[in-house]
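>>> Next come a sequence and a model predicted from it.
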Amino acid sequence: MTQESSSSTTQDVAPQITVDATPAKESEKTTKEEAVEFLKEMQEKAGQISETEMEEENLVNEFFNSLLKILRPFSKTLEISVSSLPKSYNEQISKAHLYLTGQLVLVYRSGEVEILNLTDKENREVLVEITGEIMVNLKSVIDSYRSKTEKRVKFLMTITKELQKVAKVFSEE
């Protein structure tokens, strides 16, 4: 009797089976419509990706064209701190320099040198990671140049005024 009660308990616990009453043809139609909608959505998103990548390409080119125009008078490369590089580079790199043309020169602790072209699509994440550092360095270069120029102007202003006084004495005679 114990065995019977345990088998009847097992039968009570079993889930009920639900039968889908939808005809097969209607189900196939829905699946086809869903597939077509899915493909349309994929096509739309692929188009958006393409447009976004073209915009990214234009922005990166304009970024480096502008950087080149700004830094050309200073003939500078920008030193990039290793801490601003993506984590995968931090422990391996001892120095990094950004050239005006968009090339990031990485000097490894081993002495090996690698050049990443930041205008290339596969290096855009690195560009995004170091952009803050680029802006800080750019500000520093411009501030330093302005300060040097102002010092020269102040010096030359004083000297020029004194020379004008001396020239005036000679021109009065």
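In hand now; what should we look at?

>>> Strands of this structure, start to end?
In chain order, the chain shows strands spanning 78-79, 93-98, 103-108, 113-117, with DSSP state E as the criterion.

>>> tell me the mean pLDDT for the second one?
Per-residue pLDDT values over strand 93-98 give a mean of 93.

>>> so what does it touch, helix or strand wise?
For strand 93-98, the contact count by 3 or more CB pairs under 8 Å, 6 or more residues apart in numbering; DSSP states H and E identifies strand 78-79, strand 103-108, helix 124-172 as packing neighbours. Backbone N, C-alpha and C define where each C-beta goes, glycine included.

>>> Okay, now the unreliable bits of this structure?
By pLDDT under 70, the weakly predicted segments of the chain are 1-29, 173.

>>> so how far is the first residue of stretch 76-89 from its last?
Its first and final residues considered, stretch 76-89 spans 23 Å by CA to CA, to the nearest Å.

>>> Tell me which residues are up against that stretch.
Counting by CB atoms under 8 Å, 6 or more residues apart in numbering, stretch 76-89 makes contact with 71, 90, 93-100, 104, 106, 125-126, 129-130, 132-134, 137-138, 141, all of which sit outside it.

>>> residue closest to the middle of the chain?
Most central in the chain under CA atoms, centre = their mean is residue 128, positioned 1.8 Å from the mean C-alpha point.

>>> Indicate which one of the helices and strands packed on strand 93-98 is closest to residue 51.
For the helices and strands packed on strand 93-98, the distance to residue 51 is smallest for helix 124-172, at 16.0 Å, taking CB to CB.

>>> what is the orientation angle of that closest one with strand 93-98?
Between the axis of helix 124-172 and that of strand 93-98 there is an angle of 60 degrees, by axes from the mean of the first three to the mean of the last three CA atoms, to 10 degrees.

>>> now for helix 124-172, which elements pack on it?
In this structure, helix 124-172 packs against helix 24-71, strand 78-79, strand 93-98, with contacts taken as 3+ CB pairs under 8 Å, 6+ apart.

>>> So what's the gap between the second one and the chain middle?
Pointing back at strand 78-79 there. Taking CA atoms, centre = their mean, to the nearest Å, the mean C-alpha location of strand 78-79 is offset from the chain mean by 17 Å.
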